[in-house]
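Colleague: Attaching a predicted model along with its sequence, questions to come.
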Amino acid sequence: MTTDIILGLLWRSFWETIWMTGASGLLSLVIGLPLGLALVVTGRDGIAEQLTVNRILAALVNGFRAVPFVILLIALIPLTRLIVGTALGTTAAIVPLTIAAIPYYARIAEVSLRDVDRGLIDAVRAMGGNRWTIIREVLVPEALPGIVAGFTVTLVTLIGASAMAGTIGGGGLGDLAIRYGYQRFETGVMIAVVVVLIILVCGMQWLGDRLVAKLDHR
């Protein structure tokens, strides 16, 4: 296989991985952050304590987190077909990636939100602030560095998971490594994929760390 062909395959697979990671990461943020907030505010001594609701949400989150991604990938094939019309391809892989990432990120966000100084919450309450004011003005702003750091970790995890999705035709760098690097014994392709994945992960982690440093004023 010529260098031009390898570079062409790498370029296409790279952007497929970016699409899978970006789309599923954005969905995990949009759904996972409110879920993490719900776990905090409905928990014991939360600003909207509802222990029954909290236990149900926690059970759902723990249930999905307990399932290995490979099994979840296969188990969600019927749902993936229902949503996108096929279980193969880059867009189809976004469905299981998102469902796996939401509970993962929700727990990370929950930890950051629970670390917010209780005294700040009590102060806003004493000034007449309602629940939404506390969430908007205290919980989310104070936990923002941890929320961003957790989102960065989630994106890095999704890159690895997207490579795993390539084992069942999900596209991206994982699919390239399996079809060419492993099945066709193209060692050069396998090495190139590993190098690109390392650069991608390191670059994403660096950007996340820089953003967290700007947001953290402690």
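Modeller: In hand now; what should we look at? If you're wondering where the values come from, they're calculated on a predicted model, not measured in any experiment. Residues are numbered from 1 along each chain as shown.

Colleague: what's the longest helix in the protein?
Modeller: helix 3-41 (DSSP state H).

Colleague: quick one: buried residues of it?
Modeller: Of all the residues in helix 3-41, those buried under the rule 16 or more other Cβ atoms under 10 Å are 6, 9-10, 13-14, 16-17, 19-21, 23-25, 27-29, 31-33, 35-41. Placement of C-beta: from N, CA and C, glycine included.

Colleague: Over to stretch 61-76?
Modeller: For stretch 61-76, by 16+ other Cβ under 10 Å, it's 61, 64, 69, 72-73, 76.

Colleague: Whichever strand or helix holds Met190 packs against which elements?
Modeller: Taking DSSP states H and E as the definition, one finds Met190 inside helix 187-215. Here helix 187-215 touches helix 3-41, helix 140-165, helix 172-176, going by 3 or more Cβ pairs under 8 Å, 6 or more residues apart in numbering; DSSP states H and E.

Colleague: Can I get those in TSV including distance to Ile199?
Modeller: TSV is the format used below for these (distance: least, Cβ to Cβ, whole Å):
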stretch	distance to Ile199
helix 3-41	10
helix 140-165	11
helix 172-176	11
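
Colleague: Which one, of the ones you listed, ends up nearest to Arg210?
Modeller: Closest to Arg210 of those, according to Cβ to Cβ: helix 140-165, at 10.0 Å.

Colleague: Can you list the low-confidence ranges for the protein?
Modeller: Along the chain, segments meeting pLDDT under 70 span 1-4, 6, 167-170, 181-185, 217-218.

Colleague: host element of Ile94?
Modeller: Per DSSP H and E: Ile94 is located in helix 90-114.

Colleague: How far away from the center of its chain is the helix or strand just after that helix?
Modeller: The first helix or strand that comes after helix 90-114 along the chain, using DSSP H and E, is helix 118-126. Distance of helix 118-126 from the chain centroid (Cα atoms, centre = their mean, to the nearest Å) equals 31 Å.

Colleague: Quick check: which helices or strands does the helix holding Ile94 pack against?
Modeller: helix 3-41, helix 51-66, helix 69-75, helix 77-84, helix 140-165.

Colleague: just checking, what packs against the third one?
Modeller: This points to helix 69-75. Using 3+ Cβ pairs under 8 Å, 6+ apart: helix 69-75 touches helix 90-114, helix 140-165.

Colleague: Select, out of the ones you listed, the one closest to Ile178.
Modeller: helix 140-165 (9.1 Å).

Colleague: now the angle between helix 3-41 and the closest one, please.
Modeller: 140 degrees (axes from the mean of the first three to the mean of the last three Cα atoms, to 10 degrees).

Colleague: The helix holding Met190: which residues count as buried?
Modeller: For helix 187-215, a neighbour-count test (16+ other Cβ under 10 Å) marks 189-190, 192-193, 196-197, 200, 204, 208, 211-212 as buried.

Colleague: From those residues, pick the one nearest Ala163.
Modeller: Distances from Ala163 to the buried residues of helix 187-215, taken by Cβ to Cβ, are shortest for Leu197, at 6.6 Å.

Colleague: Contact partners for the closest one?
Modeller: Leu197 is in contact with 159, 163, 173, counting by Cβ atoms under 8 Å, 6 or more residues apart in numbering.

Colleague: Next, the contact list for the last one, please.
Modeller: Shown in contact with Leu173 (Cβ under 8 Å, 6+ apart): 10, 13-14, 16-17, 162-163, 166, 193, 196-197.
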